[in-house]
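Student: Need coordinates for the following:
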Amino acid sequence: MKAIYSIILIGISCISFSQSSQLATADRKYNKYSYVDAIEIYEKVAEKGYQSPELFKKLGNAYYFNGELDKAAKWYKDLFAMNEDVDPEYYFRYSQALKAIEDYDNANKYLSLFNEKTNDSRGNEFAKNKDYLKNIEAISGKYTIGKTSINSEFSDYGPSYLGNQLVFASARKEGALFNKIHDWTKQNFTDLYSVTINSDKSLSEPQNFSKSINSKFNESSPVFTKDGKTMYFTRNNYLDGKKGKDDNKSTLVKIYKASFIDNEWKNITELPFNNDNYSTAHPTLSTDNKTMYFASDIPGGFGNSDIYKVKINDDGTFGTPENLGNTINTEGRETFPNIAFDNTLYFASDGHLGLGGLDVFESKFSNNQFQKPENVGKPINSSMDDFGFIVNKDKSGFFTSNRDGGSGYDDIYSFTICAQKLYGIVTDVDTKEILPNSKVILFDSDMKKITEMTTDETGKYTFEIECSTKYHVRASKEEYETTEKTFTSKNETGETELNLELKRNIFPIKEGTDLAKIFDISIIYFDLDKWNIRPDAAKDLQKILEVMKKHPKMEVDIRSHTDSRQTHRYNEILSDRRAKSTLEYLVKNGIEKSRLTAKGYGETQLVNNCSDGVKCSEAEHQKNRRSEFIVTKME
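Tutor: Numbers count the residues shown, from 1 in each chain. Have a look, this model is predicted:
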């Protein structure tokens, strides 16, 4: 991002204009973050043929820190062409600069070299995920983006919701309270502006947000409590006409609080964990407004800037800031956090694997902690800086990018999230009966539970899901076996039908029930022309044994049937012997004989038209070769 490289929004510098030499002057400007002026002098020196590792480092860094990574690539290339030993961080920066010009092969080459020279999470993550570009491509496409009408030729960034308003930072001249140019960007210091979000999603003309909030220095990244009565925002270290500086005489940034009283923002105070010697910026609030998240370069963190959280007590006091840890933070930059309506943390990072510059990442909140971040993919992310992501419950939102094709430097874009509705009906696999009050659970690709519901009276369930995402769906109900299906949602807004079938494993048994149907026993197998129980038949009979032992007063009539082949007399005798053989097997295995009756019916009770003289298939004949176990008494 061209307006701000990190959470240090813009340092306020006192520039010495000593003209002792061009390089000395450029160095002084460089050291005071006046990168635009420094670049102009350095490039003039380079054009005259002067070359040195130090010159190329500072030219590359000046563009890199000013968010112009594509231009930084040229000077880092010249630096590495000199074959001089450089700090490993330059390998990382050059990799990022190469991504900005979409030279990903060489970017990965230098990222690999960076990993060889360091023990750094940025390199380690690449070593473990060398196909990260394919993975990002696979999850891309969930978002549809568009330009907004509020962008100027200057820097516009960091939107935030306030009811039906959008509040953002801008360096535009029109509407600014002060005409004060900053040495770093050669643009105005940023003010907060607001627009109304109309019912058709169009935006009104920007208006300066507040004369009491905006000062002659930088304001940005506001966040508002649910009731709209309290705001937190980022500003240079300036309050009540006094400007604070760190030990190096630079003015950093802090988080401030204001209250909305009598239609005005009043009582501006800085938060107690601010410090003149480090920056705190980009506040966001948890959904219950009891925790603030923010970015800072507090000493002792993991990288250039980390994301922290701090408790907001009921009396308005604050706890002690806590680093979110190395699941979220890296040795790079993590900044612009935002907690969405569903407790998902969105933030920008150049330390996690991305497409170039700052990428937007999301981290789901589950088991009382934020999970491993995932890149949100294209088109939100590009080869340049993408940050300041906010999303509403209607799956629309805004973000900031300095990608090519914008109106100025940083620009605000709108987006909508591809949304899918998953629905289906839960039924009995055998009877096709609908099953109301079935539990249906939705899991993510890692089998982490997302949500659950109970089917309605029509057996239907419905979930709102994301596009191009792998899910697991599990259905369960008492007296049924649990079933589960895995699927990947479509890459377009719409609906997906996924019906689920359950198999009953506990059955209501009453007089007249055929246990063979309950246990899916279509036939008790015997060898040809024989009636001794085969091992495979014994497995099915074990089911009959178990249910009769479970119900000691149950009485069962065993009925054996044949097809119409062979003579009528032969089939009657064979089926009767088989029925009685089945009875004897059950008695031998513990069932009282008084509870059993058995009879063979031969071909007298065919279930189809396959009688003598009728040509039928083997499958049709088999339907007649069946065993029945009819419950004749339950009490």
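
Student: Would you mark the buried spots in the longest helix anywhere in the chain?
Tutor: Taking DSSP state H as the criterion, the chain has its longest helix at helix 568-588. Neighbour counts over helix 568-588 (16 or more other Cβ atoms under 10 Å) mark 571-572, 574-586 as buried. Bear in mind the C-beta positions are built from the backbone N, C-alpha and C, glycine included.

Student: Which single one of those residues is nearest to Leu252?
Tutor: Leu586 (86.7 Å; Cβ to Cβ).

Student: quick one: that closest one and Leu545 touch, right?
Tutor: Yes - using Cβ atoms under 8 Å, Leu586 is in contact with Leu545, at 6.4 Å.

Student: Now do Ile136 against Lys142, distance only.
Tutor: Per Cβ to Cβ, to the nearest Å, Ile136 is found 12 Å from Lys142.

Student: likewise Asn277?
Tutor: 41 Å.

Student: Who has more neighbours out of the two?
Tutor: Lys142 (25 against 14; other Cβ atoms under 10 Å).

Student: Is that one in contact with Cys418, as I believe?
Tutor: Yes - applying Cβ under 8 Å, one finds Lys142 in contact with Cys418, separated by 4.6 Å.

Student: show me the contacts for Phe260.
Tutor: For Phe260, the contacting residues are 228-231, 266, by Cβ atoms under 8 Å, 6 or more residues apart in numbering.

Student: nope, Ala579 is what I meant
Tutor: Counting by Cβ under 8 Å, 6+ apart, the residues that Ala579 touches are 558-560, 598-600.

Student: separation between it and Gln542?
Tutor: Ala579 is 18 Å from Gln542, by Cβ to Cβ.

Student: burial of the residue nearest to Asp103 when sequence neighbours are not counted, as a residue count?
Tutor: What sits nearest to Asp103 in space, not counting adjacent residues and going by Cβ to Cβ, 6 or more residues apart in numbering, is Ala73, at 7.7 Å. Using other Cβ under 10 Å, Ala73 has 25 other residues around it.

Student: Give the helix, strand or coil label for Ala73.
Tutor: Classification of Ala73 using DSSP: H, G, I helix; E, B strand; the rest coil returns helix.

Student: okay, now the spatially closest residue to Ala340 that is not a sequence neighbour: neighbour count?
Tutor: Setting aside the residues directly before and after it, Ala340 is nearest to Val391 in space (Cβ to Cβ, 6+ apart), at 5.1 Å. Look at Val391: counted by other Cβ under 10 Å, it has 22 neighbours.

Student: about what we covered before: for Ile136 and Lys142, list the residues in contact with both.
Tutor: Gly377.

Student: shared neighbours of Lys142 and Cys418, anything?
Tutor: Applying Cβ under 8 Å, 6+ apart, one finds that Lys142 and Cys418 are jointly contacted by 466-468, 491.

Student: Any quick ChimeraX command for the buried ones out of those residues?
Tutor: Buried residues among these (16+ other Cβ under 10 Å), as a ChimeraX selection:
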select :467,468
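
Student: Just to be careful, could you list which of the shared contacts of Lys142 and Cys418 are in helices?
Tutor: Using DSSP H, none of those sit in helices.

Student: quick one, phi psi at the nearest residue to Ile261 once chain neighbours are set aside?
Tutor: The shortest distance from Ile261 to any non-neighbouring residue, by Cβ to Cβ, 6+ apart, is to Asn267 (7.2 Å). The phi/psi pair for Asn267 (degrees, to the nearest 10) reads phi 60, psi 50.

Student: Could you point out the helix or strand that follows the helix or strand bottoming out on mean pLDDT in the chain?
Tutor: Scoring the helices and strands of the chain by mean pLDDT, DSSP states H and E places helix 618-624 at the bottom, with a mean of 79. Once the chain leaves helix 618-624, the next helix or strand it forms, by DSSP states H and E, is strand 627-633.

Student: how about the helices in this structure?
Tutor: Under DSSP H, the chain gives helices at 22-31, 35-47, 53-65, 69-81, 89-100, 104-117, 121-128, 132-139, 515-518, 535-550, 568-588, 618-624.

Student: most tightly surrounded among these?
Tutor: The highest average neighbour count among those, using mean count of other Cβ atoms under 10 Å, belongs to helix 89-100 at a mean of 25.

Student: can you give me how far it is from the chain middle?
Tutor: Chain-centre distance of helix 89-100: 26 Å, with Cα atoms, centre = their mean, to the nearest Å.

Student: For that helix, name the packing helices and strands.
Tutor: Packing partners of helix 89-100 (3 or more Cβ pairs under 8 Å, 6 or more residues apart in numbering; DSSP states H and E): helix 53-65, helix 69-81, helix 104-117.

Student: let's see 6 Å
Tutor: helix 69-81, helix 104-117 (3 or more Cβ pairs under 6 Å, 6 or more residues apart in numbering; DSSP states H and E).

Student: Let me have the ones you listed in CSV, extended by distance to His472.
Tutor: As requested, the helices and strands packed on helix 89-100 are exported to CSV (distance: least, Cβ to Cβ, whole Å):
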stretch, distance to His472
helix 69-81, 39
helix 104-117, 33
